[in-house]
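1. let me see the structure of the following:
(one chain, ligands or ions: 2)
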Amino acid sequence: MKTIDELIGEGVEGRRVFVRADLNVPLADGVITDDGRIRAVLPTVRALVDAGAKVIVASHLGRPKGAPDPAFSLLPAAERLGELLGAPVAFAQDTVGPAAHDAVDGLQPGQVAVIENLRFNPGEISKDDTERGEFADRLAALADVYVGDGFGAVHRGHASVYDLPARLPHYAGYLIATEVGVLRKLTEDVKRPYTVVLGGAKVSDKLGVIGHLLEKADRIVIGGGMLFTFLKAQGHDTGSSLLQDDQLPAVQEYLKRAQERGVEFVLPVDVLVAPEFPDLKAKAPTHPETVAADAIPEGRMGLDIGPASQELYAAKLADAATVFWNGPMGVFEHPDYAEGTRAVAQALLDSPAFTVVGGGDSAAAVRILGFDENAFGHISTGGGASLEYLEGKTLPGLAALEN
Ligand code: ADP
Ligand code: MG
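-> Ligands and ions are numbered 1, 2, ... in the order given. Predicted coordinates for the structure are as follows:
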């Protein structure tokens, strides 16, 4: 993989450099609630600006349906990028149309333009190679060089991630180089005990990674929405909690294999429940009940691990040498259900282990709960991407940079 340092060494003054970033930041009513992903691409953009490149920054945001949709405009992210750079950033209201070409044509060496959300064009995520290829051709017409730095998207075989680098000289940006370096430490010569903490909401995605981690980790700590599928697999009722019935046989198989391999699964002993999912906007008190994990009443939804589980999880993290954490322990966006996630974050800070936090929401939780993100070994910008890397899968966006 050639890196951006090589590109700068070759000389990039006046050349049009397409930076595929991941500016997929969380927004609430058009306001960015966590700008970590924008900050993460700054080193790459700054280096190109300093080297006199004409920098074109592109990204997806959310899941628009292949057409322009103001709710998913990249404009707020472009404005924030400009603030962080301390220089104005041009914004094009289309991706490969006249506005994008005007914006790029107007760049002086050392200036930056952001083009609109790549997913406003159906070619970006199309499964049809021709349709994707046509969009990639039109993106390629904007630039002379490609720099891949959107780590959060490298597990996607999308036009801007996979097809475009094949059409231009391509290099890895600083973020991707750093992320890959860190993830290597979780797959090669891992320092043991190696503990993995999994939570969050995307149950099926995350259940998939467990089969692979069973071969690598010494201990797997489970929280978030997926814990209820585990409780159910152990024969307990889970009320109206998030549940993936179709995964029960797989989870039973995991529990059996873990026992055979001597891998410890840690599940909560108590959980916080409420009659319904909390209102994350109003954040009004919901008066959750603490119940035993094996006695969730009918009609109650589990929304966080309970206080006894917080202590248990902290103890299970204290002796680790390496920790990978993906996914909040509960619905941390509401203060009533943030303590489980806070307890895990604190336990990681208290432990001398090399700690990698992966996942957009996990990283946001660390910052929103007021922790110093620099105190963690590494906070990855890509949840799905880091999980797939750990599964040993080939990531299209990394493969494309290697060829
Ligand atoms: P990441 O982005 O870190 O990979 P996910 O996107 O998988 O994490 O999950 C984050 C979401 O999981 C949060 O919005 C949180 O509210 C939700 N979540 C956590 N625990 C539960 C639960 N018990 N029930 C429903 N949602 C949950
Ligand atoms: Mg998420």
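2. name the surrounding residues that touch stretch 272-280.
-> The contact list for stretch 272-280 (C-beta atoms under 8 Å, 6 or more residues apart in numbering) reads 239, 241, 286-291, 296-297, 299-306, 330-331, 333-334, 336-337, 340. Every residue, glycine included, has its C-beta placed from N, CA and C.
3. just the buried residues from the residues you listed, in PyMOL please.
-> Buried residues within those, by 16 or more other C-beta atoms under 10 Å, are selected in PyMOL with:
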select buried, resi 239+241+286+288+291+296+300+301+302+303+304+305+306+330+331+333+334+336+337+340
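4. restricted to strands, list the contacts of stretch 272-280.
-> Glu289, Thr290, Val291, Met301, Gly302, Leu303, Asp304, Ile305 (DSSP state E).
5. near ligand 1 too, which of those residues?
-> Residues of the ones in strands among the contacts of stretch 272-280 in contact with ligand 1 (C-beta under 6 Å from any ligand atom): Gly302, Leu303.
6. now the ones in strands among the contacts of stretch 272-280 as TSV including distance to Arg219?
-> Listed next are those as TSV, based on distance: C-beta to C-beta, whole Å:
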residue	distance to Arg219
Glu289	29
Thr290	24
Val291	25
Met301	27
Gly302	22
Leu303	24
Asp304	21
Ile305	16
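7. could you find the closest non-adjacent residue to the residue of the stretch 101-250 of the chain found nearest ligand 2?
-> Here the residue of the stretch 101-250 of the chain nearest ligand 2 is Gly200; by C-beta to the ion that distance is 6.4 Å. Take Gly200 and drop its neighbours on the chain: the residue closest to it by C-beta to C-beta, 6 or more residues apart in numbering is Gly327, 2.6 Å away.
8. please name the residues that touch that neighbour.
-> Counted by C-beta under 8 Å, 6+ apart, Gly327 has contacts 197-202, 206, 223-224, 226, 359, 361-362, 383.
9. repeat the analysis, applying 10 Å as the threshold.
-> If you count contacts by C-beta atoms under 10 Å, 6 or more residues apart in numbering, Gly327 has them with 197-203, 205-206, 222-226, 341, 344, 357-359, 361-362, 365, 383, 387.
10. of the residues you listed, list those near ligand 1.
-> Counting by C-beta under 6 Å from any ligand atom, the members of these near ligand 1 are Gly199, Gly200, Ala201, Lys202, Gly224, Gly225, Gly359, Asp361, Ser362, Gly383.
11. now the buried members of these.
-> The neighbour count (16+ other C-beta under 10 Å) marks Gly199, Gly200, Lys202, Gly224, Gly225, Gly359, Asp361, Ser362, Gly383 as buried among those.
12. so which strand or helix has the closest residue to ligand 1 within the stretch 151-300 of the chain?
-> Residue nearest to ligand 1 within the stretch 151-300 of the chain: Gly200 (2.6 Å; C-beta to the nearest ligand atom). If you go by DSSP states H and E, Gly200 is not part of any helix or strand.
13. likewise Arg192?
-> Using DSSP H and E, no helix or strand contains Arg192.
14. residues in contact with it?
-> For Arg192, the contacting residues are Ala217, Asp218, Arg219, Ala320, Ala321, Thr322, by C-beta under 10 Å, 6+ apart.
15. can you check the pLDDT for the first one?
-> Think Ala217. Looking at Ala217, its pLDDT is 94.
16. what of the fifth one?
-> Note on Ala321: pLDDT of 96.
17. not counting its neighbours along the chain, what's nearest it?
-> Spatially, and ignoring its direct neighbours in sequence, Ala321 is nearest to Lys191 (4.0 Å; C-beta to C-beta, 6+ apart).
18. count the residues that sit near that neighbour.
-> A count of nearby residues for Lys191, using other C-beta atoms under 10 Å, gives 12.
19. just the strands in the stretch 151-300 of the chain please.
-> 170-172, 194-198, 219-222, 264-266, 270-274, 289-292 (DSSP state E, counting those that start in this stretch).
20. can you add distance to ligand 2 and give those strands back as CSV?
-> Formatted as CSV, the strands of the stretch 151-300 of the chain follow (distance: least, C-beta to the ion, whole Å):
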stretch, distance to ligand 2
strand 170-172, 24
strand 194-198, 13
strand 219-222, 17
strand 264-266, 22
strand 270-274, 21
strand 289-292, 26
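21. mind putting those in TSV, distance to Val19 included?
-> Formatted as TSV, the strands of the stretch 151-300 of the chain follow (distance: least, C-beta to C-beta, whole Å):
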stretch	distance to Val19
strand 170-172	10
strand 194-198	31
strand 219-222	36
strand 264-266	41
strand 270-274	42
strand 289-292	48
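22. and the chain, which residues reach ligand 2?
-> Proximity of the chain to ligand 2, by C-beta under 5 Å from the ion, involves residues Gly360, Asp361.
23. would you mark the buried spots in the lowest-mean-pLDDT helix or strand in the chain?
-> Here the helix or strand of the chain ranked lowest by mean pLDDT, DSSP states H and E is helix 203-213, holding a mean of 82. Buried residues in helix 203-213, counted by 16+ other C-beta under 10 Å: Val203, Asp205, Lys206, Leu207, Val209, Ile210, Leu213.
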